[in-house]
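# Sequence and computational prediction follow.
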Amino acid sequence: MDVIRGQEWQRTIPDPDDTQRPFYEAAARGELQYQRCADCGHAQFYPRAVCTACGASPGWATASGRGTVYTFTVVRQNFLPPFKDELPYVVAMVELEEGVRMMTNITGCPPEDVHIGLAVEAYAVECEEGLAVPFWRPVSS
Amino acid sequence: MSREPVIVGIGLSDYPKAPHLSSAEHHAQAMQRALADCGLKKAEIDGYASAGMGDESGQPIVMAEYLGIDHRWIDSTMTGGSSFEFHVQHAQAAIREGLCDTVLVTYGSNYLSRMGRTLGTGGFRRTKKVSGPMMFEAPYGLSLVGAYAMVAQRHMHEFGTKPEQLAEISVGVREFAGLNPDAMYRDPISVDDVLRSRMIADPLHKLECCVVSDGGGAFLMTTEERARDLGQPPVYVLGAAGGQTHWNISQMPDFTVSAAAKCGPEAFGQAGVRPQDIDVLQFYDSFTITVLMLLEDLGFCPKGEGGPFVAEGHLRRGGRFPLNTDGGGLSSSHSGMRGIFLIIEAVRQLRGQAGAAQVPDCELALAAGSGGWLSGIGAVVLGKGGRG
C-alpha cells in the first residue's frame, strides 16, 4: 500500500507494546499486517499476545489491502482537535478480504458517497519515524 | 426460602441538575433515602457494591469508607452502565449463599455540573499517545454517538430499519418524561421533531441521544425473612444474568447482535417466565438503537423486526410493553452510568408507587443494562412475588 510521509501528524500517536509494534512498522514499509494463528488458523485484529480462539501466540500475515465497508457513520459533532476542524468526516469499519475488520476513516471521497459494501483500499500515513497508521479510501480514487 | 433475595429499599439523589452535590454526596443522599424508604438501619448493611467513573467516588473501596460500610462482602464489578445489573446478579447469589445478609448498591455522579453537557456527544479526549486496544480506534476520531451510529447503520442495512421507527422510541419515552416532574425534558415531541433535530452521527439525531445530567441512586437487598417487618413490600429477584461480546466497538463480532441474546434467555430461564409475560421494561436507552437491539436480543420480537415492532406502539404508555416509565435516559436523566436507575424504576412499578406512570397490574419487570458500546449486557427479572 502507499505510504504518505512527511505530513504533520496532529492525531493521537499509537503507543504499541512489543507485540503490537510490528504492525505499525510494517505499515511504514507499505505492508498491511494482521495476526494469524499457526496453531488453529484463526485470523484476528487488533494484534495482541494471544490467539483469542485457542490461546496460542499468533504470528503475522500480510493482507491484500483490499476490503469493503462493513458499517460507517458520518461524524458531525466532535469538539476535540484536530477532528473539530475536519467535520463532517467518515469513521468506518472495513472488512478485509482476509476476514478481519479494522476501524478507519474513509478519505478521498465526499461522506455522501460512502455506503456499506463500498470497495476500499488501504494506504498508510507516517505518524512517527518508522511507524505508520493505515487509512482506507475508495478503490477508484 | 427465607434467604430468598429481595430488594427492599430504593432512593434517588437530586437530579437532573444538582450543582450543590459532589459525586460522593450523590451516593450519600441516595443511600440515606433508600434506608429511610424501607426502615433498615445503616449498621445492618454487611455487603456493598458500586461502580463509577472519574474521581474516587467511582471506586467502591473508597465509597465504602466514605459511607462507613462495615462489609463482609464487596463487589467492584465495572461493566460500564450495566454494572448495577451485574451487581444484582452477584448480590442475590451472595445473599442466598449467606456470604452477607443486607447489600447496599450505590451510584452517584455530578456528571453535568462537572463536565458540561457538550462532552456527552463529543469524542474521546485527545492525549498525545494512547496505548492498549484504544490505539487502534483513537486516531480516527470516532465519537461516543458515532459508535452506536455504526450499529444503527448496519441494522438499517441488514433489516431495512427506518429512521422514523427508531425515532418512535424517543417519542414514547418522552411521553413518560412528561409524567415525571423531575425529568430534564418534559414537553411532548413527535417523530418529525426527532427527525428534524440535528444529525450528530449518521443516522442518529440529537433527540435519539440520552441527556447529560447529574444524579445518583441506591437500593438495598436483603433476605425475604428480614424484609417481613420492613416498611415496603419486597421485590423479588427472579432472574439475573450477564454477558459480554466485546468492549471496544471495533471488536463487536456482529454489529447487529449484543450479549443480550445470551444473557436474556438465561435470566428468563431462571425466572421461569417468557418475554411476553413481562409487564414493564426498563432498558438502558443511551441511544434509540440501544433499545432496539435489546428488544430483539431479549426476544420481544425476532431479530431484524424491531423497527416495525416499535412502530406498532408497544413501548408506549398503555402499550403491551411500556418502556422507561421514568422518562429514561433519553428525556429524564443520564449521569454517566444509568443501570441503577433501571432497577429503581422497576421496583417503583412493582410496588405500585409509580404515580401517573404506573403500569396497571404490574407483576413482572425486566431491567436490561448496556455498558460500554453495547458491550456488557446485564438482564434482571424482578417480580412482585417470589418464584413459583
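Noted; the coordinates are in hand.
# Around chain B, pick out the residues from chain A.
A:11-17, A:20, A:45-46, A:70-81, A:83, A:86, A:89, A:91-93, A:101-105, A:116, A:127, A:133 (Cβ under 8 Å from any Cβ of the partner chain). Using the backbone N, CA and C atoms, a C-beta is placed for each residue, glycine as well.
# of those residues, buried ones?
A:11-16, A:20, A:45-46, A:70-78, A:83, A:89, A:91-93, A:101-105, A:116, A:127, A:133 (16 or more other Cβ atoms under 10 Å in any protein chain shown).
# Low-confidence stretches in chain A?
Applying pLDDT under 70 to chain A flags residues A:141.
# which residues in it form helices?
Along chain A, counting by DSSP state H, helices occupy A:21-28.
# what are the ranges of the strands in it?
In chain A, the strands defined using DSSP state E lie at A:2-4, A:13-14, A:33-36, A:43-44, A:59-62, A:66-75, A:89-96, A:101-105, A:119-128, A:131-138.
# How about the stretch 201-350 of chain B?
With DSSP state E, counting those that start in this stretch as the criterion, the stretch 201-350 of chain B has strands at B:204-205, B:215-223, B:235-244, B:280-283.
# name the helices or strands packed onto the last one?
Counting contacts by 3 or more Cβ pairs under 8 Å, 6 or more residues apart in numbering or on different chains; DSSP states H and E, strand B:280-283 packs against helix B:288-297, helix B:339-351, strand B:364-371.
# Go again with 10 Å.
If you count contacts as 3 or more Cβ pairs under 10 Å, 6 or more residues apart in numbering or on different chains; DSSP states H and E, strand B:280-283 packs onto helix B:288-297, helix B:339-351, strand B:364-371, strand B:376-383.
# Then the longest one?
Counting contacts by 3+ Cβ pairs under 10 Å, 6+ apart, strand B:235-244 packs against strand B:5-12, helix B:83-97, strand B:215-223, helix B:224-227, helix B:260-271, helix B:339-351, strand B:364-371, strand B:376-383.
# Let's have these in CSV, adding distance to residue A:30 and mean neighbour count.
Shown next, in CSV, are the helices and strands packed on strand B:235-244 (distance: least, Cβ to Cβ, whole Å; neighbours: other Cβ atoms under 10 Å in any protein chain shown):
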stretch, distance to residue A:30, mean neighbour count
strand B:5-12, 57, 25
helix B:83-97, 44, 24
strand B:215-223, 51, 29
helix B:224-227, 67, 19
helix B:260-271, 41, 21
helix B:339-351, 46, 27
strand B:364-371, 39, 28
strand B:376-383, 38, 30
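# could you dump these to CSV with distance to chain A?
Converted to CSV, the helices and strands packed on strand B:235-244 look like this (distance: least, Cβ to the nearest Cβ, whole Å):
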stretch, distance to chain A
strand B:5-12, 30
helix B:83-97, 22
strand B:215-223, 23
helix B:224-227, 42
helix B:260-271, 17
helix B:339-351, 25
strand B:364-371, 18
strand B:376-383, 17
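# In CSV: these, plus distance to residue B:47 and mean pLDDT.
Below are these laid out as CSV (distance: least, Cβ to Cβ, whole Å; pLDDT from 0 to 100):
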stretch, distance to residue B:47, mean pLDDT
strand B:5-12, 11, 98
helix B:83-97, 6, 98
strand B:215-223, 8, 98
helix B:224-227, 12, 97
helix B:260-271, 20, 98
helix B:339-351, 16, 98
strand B:364-371, 19, 98
strand B:376-383, 17, 98
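# Which one, of the ones you listed, ends up nearest to residue B:329?
helix B:339-351 (7.9 Å; Cβ to Cβ).
# returning to that earlier point: can you put the helices and strands packed on strand B:280-283 in a markdown table and add distance to residue A:59?
Converted to a markdown table, those look like this (distance: least, Cβ to Cβ, whole Å):
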| stretch | distance to residue A:59 |
| --- | --- |
| helix B:288-297 | 35 |
| helix B:339-351 | 40 |
| strand B:364-371 | 33 |
| strand B:376-383 | 31 |
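# among those, which is nearest residue B:63?
Short answer: helix B:339-351, nearest of the helices and strands packed on strand B:280-283 by Cβ to Cβ, at 13.1 Å.
# any idea of the angle that closest one forms with strand B:364-371?
Per axes from the mean of the first three to the mean of the last three Cα atoms, to 10 degrees, the angle that helix B:339-351 makes with strand B:364-371 is 180 degrees.
# still on that earlier bit, any idea which of the strands of chain A gets closest to residue B:228?
strand A:66-75 (52.4 Å).
# Figure out how far that closest one is from the centre of its chain.
How far strand A:66-75 lies from its chain's middle: 11 Å, per Cα atoms, centre = their mean, to the nearest Å.
# the inter-axis angle of it versus strand A:101-105?
50 degrees.
# CA atoms of strand A:66-75 as CSV?
The C-alpha coordinates for strand A:66-75 follow below in CSV (Å, rounded to 0.1, in the frame of the first residue of the first chain):
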residue,chain,number,x,y,z
ARG,A,66,-8.4,-4.6,-0.2
GLY,A,67,-11.7,-4.7,1.6
THR,A,68,-15.3,-3.4,1.8
VAL,A,69,-17.1,-1.0,4.2
TYR,A,70,-18.9,-3.2,6.8
THR,A,71,-20.5,-0.2,8.5
PHE,A,72,-19.8,3.5,9.0
THR,A,73,-21.0,6.8,10.4
VAL,A,74,-20.6,10.4,9.4
VAL,A,75,-19.4,12.3,12.5
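# Around chain A, pick out the residues from the stretch 151-300 of chain B.
With Cβ under 10 Å from any Cβ of the partner chain as the criterion, the stretch 151-300 of chain B comes near chain A at residues B:151-158, B:198-204, B:206, B:209, B:248-253, B:255-256.
# please redo it, this time with the cut-off set to 8 Å
Counting by Cβ under 8 Å from any Cβ, the stretch 151-300 of chain B sits next to chain A at B:151, B:153-154, B:157, B:198-204, B:249-251, B:255.
# Just the helices from the stretch 51-200 of chain B, written as ranges.
Counting by DSSP state H, counting those that start in this stretch, the segments of the stretch 51-200 of chain B that form helices are B:60-67, B:83-97, B:111-115, B:144-159, B:163-177, B:191-196.
# got the contact list for the third one?
This means helix B:111-115. B:16-19, B:21, B:23, B:54, B:212-215, B:334-336 (Cβ atoms under 8 Å, 6 or more residues apart in numbering or on different chains).
# Just the buried residues from those residues, in ChimeraX please.
Here is the ChimeraX selection string for the buried members of these, based on 16+ other Cβ under 10 Å:
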select /B:16,18,21,23,212,213,214,215,334,335,336
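# Could you point out which of the helices and strands packed on strand B:235-244 sits nearest residue A:26?
Closest among the helices and strands packed on strand B:235-244, once you apply Cβ to Cβ, is strand B:376-383, at 32.6 Å.
# Parallel or antiparallel, which strands does the closest one pair with?
Using DSSP bridges, strand B:376-383 pairs in its sheet with strand B:235-244 (antiparallel), strand B:364-371 (antiparallel).
# Just the angle for it relative to helix B:83-97, thanks.
60 degrees.
# Adding distance to residue A:122, write the helices and strands packed on strand B:235-244 out as a markdown table.
As requested, the helices and strands packed on strand B:235-244 are exported to a markdown table (distance: least, Cβ to Cβ, whole Å):
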| stretch | distance to residue A:122 |
| --- | --- |
| strand B:5-12 | 50 |
| helix B:83-97 | 37 |
| strand B:215-223 | 44 |
| helix B:224-227 | 60 |
| helix B:260-271 | 32 |
| helix B:339-351 | 39 |
| strand B:364-371 | 32 |
| strand B:376-383 | 31 |
